[in-house]
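**Student:** I'll drop the sequence and a predicted model, then ask my questions.
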Amino acid sequence: MKNKVILVASDKFGKGDEGLGETVMETFFVLLKQKEEKPAAIFCMNRGVFTLTNDSLVAPHLKELSDAGVPVLACKTCVDYYQLEGRLYTGEISGMNHFIDLASKYEVFTIS
C-alpha cells in the first residue's frame, strides 16, 4: 500500500445494504491500520468526507492512521458543500490540486 493513495469517494464500501457498507468500510480501515506498510495518503471526497466526522465508525481508525504519519485529507469543496466545517474528527482540509499531484505520483485505489 505504500505506493498507493486511497481515494475515499463514499461513506460506505460498495453498493447494497448501507449498514453492511459501513461495516465493510470500518473493517477495511481496521485491517489497514494494522499493516506495517501504510498508504502514501488518504484523500476523501464527495460523501467520503463523512468518514472524517464524529458520526462515522471509520473516523477513529483514520485518526490512528493520521497519527501514524499517513496524510488524511478532505476535499475542501466537498466539506463546504456538505457544511461539515467544524465537524471533522480528523483530517486536513485540502484541494483537488493536491489530489492531482498525489495521483500523478502514486497509484490510486478508489473506495466508492
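**Tutor:** Great, that's in hand.
**Student:** chain center to the biggest helix by length in the chain: distance?
**Tutor:** The longest helix of the chain (DSSP state H) is helix 18-34. In terms of CA atoms, centre = their mean, to the nearest Å, the centre of helix 18-34 is found 11 Å from the chain centre.
**Student:** buried residues in that helix, which are they?
**Tutor:** Gly21, Glu22, Met25, Glu26, Phe28, Phe29, Leu32, Lys33 (16 or more other CB atoms under 10 Å). Using the backbone N, CA and C atoms, a C-beta is placed for each residue, glycine as well.
**Student:** looking at these, spot the one nearest Asp80.
**Tutor:** Lowest distance from Asp80 to the buried residues of helix 18-34 (CB to CB) belongs to Met25, with 23.0 Å.
**Student:** please name the residues that touch the spatially closest residue to that closest one that is not a sequence neighbour.
**Tutor:** Nearest non-adjacent residue to Met25, counting by CB to CB, 6 or more residues apart in numbering: Phe13, 4.0 Å away. If you count contacts by CB atoms under 8 Å, 6 or more residues apart in numbering, Phe13 has them with Gly21, Glu22, Val24, Met25, Phe28, Ile111.
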